[in-house]
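> fold the following and give me the result.
(one chain, ligands or ions: 1)
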Amino acid sequence: MLKLYLDPCTINCRKVLAGLDYLGTEFTLDHIDFFKGQQKSEEFKKINPCATVPAAKDGDLILTESNAILQYAADLKGDTPAYPSKDLKKRADINRWLLWEASVWFSSCYIYLVEYVVKPLMSAQADQTKIDEEAPNFHKLASILEGRLAESGKFLCGSEPTLADFAVAAPMHLHEASRLPLDQYPSLRRWIANVEQLPSWRKTQGPVEKALLPEKRQSNGSSGANGSAHQVRADFNYTRDLGDKLTELYFYEDPRSELIHEPGDDAHAVTVTDGWHRADSFSVDKEGFAVLNFTSHYPSDRWHDEDHVHDSFYPEVVELLKQEFGAKRVLVFDHTIRTKVNVAKKLTQETNTSQRAPVRLVHCDYTAESGPIRVKQLLPEEANDLLARRVAFFNVWKPLNKVEEQPLAMCDVTSSPPDNYFKLHLRYRDRSGENYVMRYSPEHKWWYFPHMEPDKCIVLKTYESDTDRARFVGHTAFDDPESRPDAPARQSIEIRTICFF
Ligand SMILES: N[C@@H](CCC(=O)N[C@@H](CS)C(=O)NCC(=O)O)C(=O)O
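Coordinates of the predicted model:
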């Protein structure tokens, strides 16, 4: 396996981490502390005599140069669109941008980063003459990039990301704080926003900000009503409410899908509070979720055996919910296993809904209308009788390994009044469904439970018939900025249930 030597906060290291994550390359990590100067140590210089990070090792191969590491990792993957081995023209084009970045772009952006970010971090003054001297060169280079991006589509070498995007975007990774003058380059701004939407990019932003913008993170991270509780900042995908225009998502190719308003178009940085200090106090009827002990006897190597999960695991969930909430009857109607294998799948390209990537949209699975409809679909004979009494839908979210990345966050129902929710219409080939998405509010209180172990679970409410109790909980997986870059992928099972009282 590839071994990386790096510090996730530097441009060239972050580039490698984001690129390797995008490629799905596994690696181990040796942290070389850049600000402690460990890259200059005699020990590290045996690996990289240039005394720079990153470096990589694969058996007897030692590689330096971030772009060479990306190329090697892509080649190990075989023919990948991110760095095709057969389409030689596209590959040459990507190579061209990798060389352009390393030879001229990095050094130009770096001057802005040093003056406006690194020096203030070291309590030194930015030297305006250095910026003024560099500006003509920066604009010459940015114009070249702008010209290319005006023609190339969403990304630098076409409609999908390639290694070139990771390489060329990396020197710009703190472009606001570095005050890169991008105003006159609309295509460049559109492109960097596209890169910033990529999960592999977002995942690797946290360590950069933590090391280089500590004040921003601290002021963002510890504000709010929760005093000194541990908190993180993360970008959450809310949805703009366009009033009369429906918000929709198509799960199949349809010409109408070109014109729709899709969810998740309103990302906001939010503060997420670690709820462990009061984990026992959350309630499904007040905040809308609870943390429970849940030690399962289910064999850890049989999660992909659907029948066995139905026969042996569902009954454990039924028992748990009956005991905890006093439900008279519990119907478990589906489950979703989320593992690394499924991460590459797009939300709308899912053929098997029981195996999916973590959802990064603030949503709630049911609406006031779709909850009862689901009861009627699943239990047509008894529905009228059952719906005359209290009914609640609970999702049971249980880690299958310790959660080191992509934790689940819940929006406290006490901070999210009903008008914060509106409908997302789900279009399948043979039917339509609906769930709720949420419009942004700065009042939202978000909670998460980092490093949760498999002996616990989160139970969250996705529908409730009793309007005096918490009814719908907005939730989403998110990129935890404190996750280690080599954190094992989160694996979890989410079981959807209906409790009848
Ligand atoms: N061209 C090299 C540049 C590597 C480089 O300059 N790395 C910086 C961090 S981004 C470094 O280690 N600098 C050493 C230092 O400033 O002491 C690459 O792409 O890997």
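
> I'd assumed R240 was in a strand, is it?
No: using DSSP: H, G, I helix; E, B strand; the rest coil, the assignment for R240 is coil, not a strand.

> which residues touch it?
Shown in contact with R240 (C-beta atoms under 8 Å, 6 or more residues apart in numbering): H261, D265, D266, R439. From N, CA and C alone the C-beta is placed, and that goes for glycine too.

> repeat that for 6 Å
Shown in contact with R240 (C-beta atoms under 6 Å, 6 or more residues apart in numbering): D265, D266.

> what helix or strand does the closest residue to the ligand within the stretch 201-350 of the chain sit in?
Nearest residue of the stretch 201-350 of the chain to the ligand (C-beta to the nearest ligand atom) works out as V208 at 10.9 Å. V208 is part of helix 206-212, with elements assigned from DSSP states H and E.

> which SS class is S187?
Secondary structure, three-state DSSP: S187 is helix.

> would you confirm that it contacts R148?
No: S187 is beyond contact range of R148, at 8.3 Å (criterion: C-beta atoms under 6 Å).

> which residues in the stretch 151-300 of the chain form strands?
Applying DSSP state E, counting those that start in this stretch to the stretch 151-300 of the chain gives strands spanning 231-238, 247-250, 266-274, 289-293.

> CA atoms only: put the second one into CSV for me.
Output of strand 247-250 as CSV, limited to C-alpha atoms (Å, rounded to 0.1, in the frame of the first residue of the first chain):
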residue,chain,number,x,y,z
THR,A,247,-38.1,21.2,-5.9
GLU,A,248,-37.6,17.9,-7.5
LEU,A,249,-35.1,15.0,-8.0
TYR,A,250,-35.3,12.6,-10.9
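
> what sits up against that strand?
Here strand 247-250 has contacts from T239, S257, I260, H261, P263, L424, H425, L426, R427, using C-beta under 6 Å, 6+ apart.

> and the fifth one, what does it touch?
Spelled out, that is P263. T239, T247, L361, L424, V437.

> kindly recompute the last result at 10 Å.
237-240, 247-249, 347, 361-363, 422, 424-426, 435, 437-438 (C-beta atoms under 10 Å, 6 or more residues apart in numbering).

> now the second one
Residues touching S257, when contacts are defined by C-beta under 10 Å, 6+ apart, comprise E248, L249, Y250, F251, T348, R427.

> quick one: neighbours of the last one, just the number.
Looking back up the chat, that one is R427. 17 (other C-beta atoms under 10 Å).

> tell me how far the ends of stretch 17-33 are from each other?
Taking C-alpha to C-alpha, to the nearest Å, stretch 17-33 runs 15 Å from one end to the other.

> can you list contacts of stretch 131-144?
Surrounding stretch 131-144, the residues in contact under the criterion C-beta under 10 Å, 6+ apart are 100-101, 104-105, 107-112, 114-116, 127, 146, 172, 179-182, 184-185, 188.

> now the closest residue to the residue of the stretch 201-350 of the chain closest to the ligand other than its chain neighbours: which helix or strand?
Of all residues not flanking V208 in the chain, C9 sits nearest, at 5.1 Å (C-beta to C-beta, 6 or more residues apart in numbering). Secondary structure assignment for C9, by DSSP H and E: no helix or strand.

> what of the one 10 residues further on?
Under the criterion of DSSP H and E, G19 resides in helix 11-23.

> just want the angle from the helix or strand just after that helix to helix 11-23.
Going down the chain from helix 11-23, the next helix or strand is strand 27-31, by DSSP H and E. On the basis of axes from the mean of the first three to the mean of the last three C-alpha atoms, to 10 degrees, strand 27-31 is oriented at 160 degrees to helix 11-23.

> contacts made by strand 27-31 with the rest, please.
Contacts for strand 27-31 (C-beta under 10 Å, 6+ apart): 1-8, 13, 16-17, 20-21, 38, 44, 47, 53, 55-58, 69, 73, 484-487.

> good, we can wrap up now.
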